[in-house]
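> model this:
(chains A and B)
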2 protein chains.
Amino acid sequence: METKREETGTLLSFRPTIKVLDATMRDGGLVNNFRFTDEFVSALYRANVAAGVDYMELGYKADKDIFDESKFGKWKFCREDDVYAVVGNNDSALKLACMADVGRCNVERDIGQKANSPFDLYRIATYINTIPAAIAMAEHCEKMGYETTANVMAISNATEKEIDIALELLGKSPVKAIYIVDSYGSIYPEEMRAIANKYLEAGVKYGKQIGIHAHNNQNLAFANTIECTALGVNYLDATVSGMGRGAGNCAMELLLGFLKNPKYKLVHILKFVEQYMPQVRESGAVWGYDIPYLLTGALNRHPSSAIKFIGANRSDYVNFYQELLDQE
Amino acid sequence: METKREETGTLLSFRPTIKVLDATMRDGGLVNNFRFTDEFVSALYRANVAAGVDYMELGYKADKDIFDESKFGKWKFCREDDVYAVVGNNDSALKLACMADVGRCNVERDIGQKANSPFDLYRIATYINTIPAAIAMAEHCEKMGYETTANVMAISNATEKEIDIALELLGKSPVKAIYIVDSYGSIYPEEMRAIANKYLEAGVKYGKQIGIHAHNNQNLAFANTIECTALGVNYLDATVSGMGRGAGNCAMELLLGFLKNPKYKLVHILKFVEQYMPQVRESGAVWGYDIPYLLTGALNRHPSSAIKFIGANRSDYVNFYQELLDQE
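Alright, predicted model coming up:
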């Protein structure tokens, strides 16, 4: 199913094939334990519809046998009834997405026929060494009638050879798109362009779309996202105000301010930010670029130690840096 | 005086020709009216020396006939005695710099022989239509024994033809380096690479170094700075914690975390941030990426209206966006 690599256009043009995915509730849920109010979710849904966003990810399909439901908001589990209760039958062009983590989701039990579900897309999150399991999950979801993507995390720690094998396996799988995921926010634009070109080559060979999910540890989430866009990456993740784990993600406001597709209308996202994001900050959710994330990013480490450092209200950056270097 | 365009290297290599300039007191002075304590300045000086930073810019050489001295801190005027009082005779490898604005500096009266001055470098800030005046100022400074650079501001509003003429005039002038200045933070990396290549071509033709001074309105200051670096731009401006007008600048922490030159030692900047930057924030200085700057940046406008909006504690982004669009 070889496809031609499409025209990538210039800054003043646009590609109708671009798809913007709002991951606010899923990646942002990691910083507030998925405790979004129904009013917030309903307003975000309406903002995304009005702004012309293509997909909205509502959270995870986490396994209740593994995670204690009383310790998380409902969007970690994304029961179909909870979704219907807030967005109704979704009579709009906005498609709804949900993330399923390898090893943390019981797909056979919890993901049934699309006809009985508000979801259009399941995104399978996987590490490079669990790709066969991810493909089995994607096959189940496709059989149930959903679109799927494979989101291969932490690739900055993978070898070129491992990425080649991953792309070949996913190329032959039923997934619609393969995502570049910069989990550690450690990838510089120059490296990102090389990675994007490798993924895009596989995309042409196997007829897959390529996506980008960036993190902002080094203030590069937006830059890396638009650099990928210029090369032909079509699936673009963003979150409102960049809300997401640690340093957060590419901000939806920045992305829609950049894209020239006339269907995208920034003003609806601005309105949502103005009305709803202050309360999220006031509720205690913390995210965004900060020095500890820069340090884990520059050293290509998982941001968990930086999240812990900030959570402890520490600001002894020199000690933290030495602790990181001691682990080298 | 044609020179060969040098090897630009890869991410893992480094160029000894790179020069990092700390502009914290000059661009950061714009958000605290140049009211830095002597302790802050002395500590920043020592941090820059220890970190291997090449130049430290202490402020402006503003004309006292134009600006009321009682309304600004002393670093807007950078009297030689004030500099000596804080940094002594500067017995270090760190060079000291000062900015002189076209039309706002009396060079003949205020810039004397280098032998009687702590400064090594004068940076002439100019708009594209005042370049002849800038060159006259640079000629005076060179005659007095200083290095000079020309910092051509607001180029995102200039035509290609205007930039060509500017580069030709400055190429034939005595300045050591010509700076790309993204005053509005409106330039995307793809455009920045094209601009850098144009400046670098002129640099090869006329034997000039090229510099980059980025603003962070769209979270692109660091990305644009390292993209320029990869192409061969050698003079890199940064400020501690990105402190600078509006959305601020490329953060020194990010830049030194990226550069592979072994002479640069990030830990000394981290130590300074830890010890001195909280008090600057507490004193009321406000800077950094925020939605109003994204909007002026994306619309290629001067950030002054965004600075005013934030200074008024407004957060009605939709109204602000409409006000900006009404001015189109």
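
> Distance check, residue A:252 against residue B:294.
In this view, residue A:252 and residue B:294 are 11 Å apart by C-beta to C-beta, to the nearest Å. For the C-beta atoms, the positions are set from N, CA and C on the backbone; glycine is no exception.

> Check residue A:218 too.
Relative to residue B:294, and taking C-beta to C-beta, residue A:218 is found at 18 Å.

> Give the rounded mean pLDDT of the helix or strand residue A:108 falls within.
For residue A:108, the element it lies in under DSSP states H and E is helix A:107-110. On average, the pLDDT along helix A:107-110 is 98.

> Equivalent analysis for stretch A:263-272, please.
For stretch A:263-272, the mean pLDDT works out to 98.

> And for it, what's in contact with it?
If you take C-beta atoms under 8 Å, 6 or more residues apart in numbering or on different chains as the criterion, stretch A:263-272 is touched by A:20, A:43-44, A:47-48, A:50-53, A:240, A:252-253, A:256-257, B:291, B:317-318, B:321.

> For it, buried residues please.
The neighbour-count check on stretch A:263-272 (16 or more other C-beta atoms under 10 Å in any protein chain shown) flags A:264, A:266-272 as buried.

> higher neighbour count, residue A:252 and residue B:294?
residue A:252 (31 against 27; other C-beta atoms under 10 Å in any protein chain shown).

> Just the pLDDT at the more buried one, thanks.
pLDDT recorded at residue A:252 is 98.

> and if you look at residue A:3?
Residue A:3 is given a pLDDT of 51.

> Which among the contacts of stretch A:263-272 count as buried?
Judged by 16+ other C-beta under 10 Å, buried ones among these: A:20, A:44, A:47-48, A:50-53, A:240, A:252-253, A:256-257, B:291, B:317-318, B:321.

> Which of the residues you listed fall within strands?
residue A:20 (DSSP state E).

> does residue A:179 sit in a helix, a strand or a coil?
Here residue A:179 is recorded as strand under DSSP: H, G, I helix; E, B strand; the rest coil.

> Quick check, it in contact with residue A:212.
Yes. Residue A:179 sits in contact with residue A:212 when judged by C-beta atoms under 8 Å, with a separation of 6.9 Å.

> So for these two, which residues contact both of them?
Counting by C-beta under 8 Å, 6+ apart, the residues touching both residue A:179 and residue A:212 are A:235, A:237.

> Show me the strands in chain A, by range?
Under DSSP E, chain A gives strands at A:19-22, A:55-60, A:95-101, A:121-126, A:147-152, A:177-181, A:209-213, A:235-238.

> Now those in JSON lines, please, with extra columns for distance to residue B:14 and mean pLDDT.
JSON lines is the format used below for the strands of chain A (distance: least, C-beta to C-beta, whole Å; pLDDT from 0 to 100):
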{"stretch": "strand A:19-22", "distance to residue B:14": "37", "mean pLDDT": "98"}
{"stretch": "strand A:55-60", "distance to residue B:14": "40", "mean pLDDT": "98"}
{"stretch": "strand A:95-101", "distance to residue B:14": "39", "mean pLDDT": "98"}
{"stretch": "strand A:121-126", "distance to residue B:14": "36", "mean pLDDT": "98"}
{"stretch": "strand A:147-152", "distance to residue B:14": "31", "mean pLDDT": "98"}
{"stretch": "strand A:177-181", "distance to residue B:14": "27", "mean pLDDT": "98"}
{"stretch": "strand A:209-213", "distance to residue B:14": "28", "mean pLDDT": "98"}
{"stretch": "strand A:235-238", "distance to residue B:14": "33", "mean pLDDT": "98"}
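
> right, and those strands - which one's nearest chain B?
Nearest to chain B, of all the strands of chain A, is strand A:235-238, at 12.2 Å by C-beta to the nearest C-beta.

> The closest one: which residues count as buried?
A:235-238.

> CA atoms only: put that strand into CSV for me.
Extracted C-alpha coordinates of strand A:235-238, given in CSV (Å, rounded to 0.1, in the frame of the first residue of the first chain):
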residue,chain,number,x,y,z
TYR,A,235,-1.1,14.3,13.1
LEU,A,236,-0.3,17.1,15.6
ASP,A,237,-0.9,16.8,19.3
ALA,A,238,-1.4,19.9,21.4
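
> how far does that strand sit from the chain's center?
7 Å (C-alpha atoms, centre = their mean, to the nearest Å).

> Please see if it touches chain B.
No. Contact of strand A:235-238 with chain B (C-beta under 8 Å from any C-beta of the partner chain) is absent, the minimum separation being 12.2 Å.

> try stretch A:13-31
No. Stretch A:13-31 is not in contact with chain B by C-beta under 8 Å from any C-beta; minimum separation 12.2 Å.

> can you tell me how far the residue nearest to residue A:162 when sequence neighbours are not counted sits from residue A:157?
Nearest non-adjacent residue to residue A:162, counting by C-beta to C-beta, 6 or more residues apart in numbering or on different chains: residue A:128, 5.3 Å away. Noted for residue A:128: a distance of 8 Å to residue A:157, by C-beta to C-beta.

> More neighbours: the two, which one.
Counting neighbours by other C-beta under 10 Å for residue A:128 and for residue A:157 shows that residue A:128 has the greater number, 18 against 15.

> Quick one: residues contacting that one.
Taking C-beta under 8 Å, 6+ apart, one finds A:152, A:154-155, A:158, A:162-163, A:166 in contact with residue A:128.

> For the spatially closest residue to residue A:26 that is not a sequence neighbour, the count of nearby residues, please.
Among residues not flanking residue A:26 along the chain, residue A:57 sits closest, at 4.3 Å (C-beta to C-beta, 6+ apart). Residue A:57: 26 surrounding residues under other C-beta under 10 Å.

> dump the residue contacts of residue A:57.
Residue A:57 neighbours (C-beta under 8 Å, 6+ apart): A:21-26, A:96-99, A:123.

> ok, now residue A:158?
A:128, A:166.

> now the one 3 residues further on
Listed by C-beta under 8 Å, 6+ apart, residue A:161 has no contact partners.

> so what pLDDT did residue A:11 get?
pLDDT for residue A:11: 63.

> Touching, residue A:84 and residue A:118? I think so.
Yes. Using C-beta under 8 Å, residue A:84 is in contact with residue A:118, at 5.7 Å.

> related to what we said a few turns ago, just the buried ones among the contacts of stretch A:263-272: which are in helices?
Among the buried ones among the contacts of stretch A:263-272, the ones falling in helices (DSSP state H) are A:44, A:47-48, A:50-51, A:252-253, A:256-257, B:291, B:317-318, B:321.

> so which residue of the stretch 201-328 of chain A comes closest to chain B?
Going by C-beta to the nearest C-beta, chain B is nearest to residue A:223 of the stretch 201-328 of chain A, at 3.4 Å.

> Residue A:85 and residue A:79: what is the separation?
9 Å.

> Also residue A:44?
18 Å.

> List the residues that contact the nearest residue to residue A:240 once chain neighbours are set aside.
In this structure, residue A:240 finds its nearest non-sequential neighbour in residue A:24, 4.6 Å apart by C-beta to C-beta, 6+ apart. Going by C-beta under 8 Å, 6+ apart, residue A:24 touches A:44, A:57, A:239-240, A:243-244, A:252.

> Show me the two of these that sit farthest apart.
Across the contacts of residue A:24, no pair lies farther apart than A:44 and A:244, at 14.2 Å, counting by C-beta to C-beta.

> Can you show me the helices along chain A?
Counting by DSSP H, residue ranges of the helices within chain A are A:24-27, A:29-32, A:38-51, A:80-87, A:107-110, A:131-143, A:160-171, A:189-206, A:221-231, A:252-258, A:266-282, A:291-298, A:304-311, A:317-326.

> if you compare those, which one is most tucked away?
A comparison of these by mean neighbour count, using mean count of other C-beta atoms under 10 Å in any protein chain shown, puts helix A:24-27 on top with a mean of 27.
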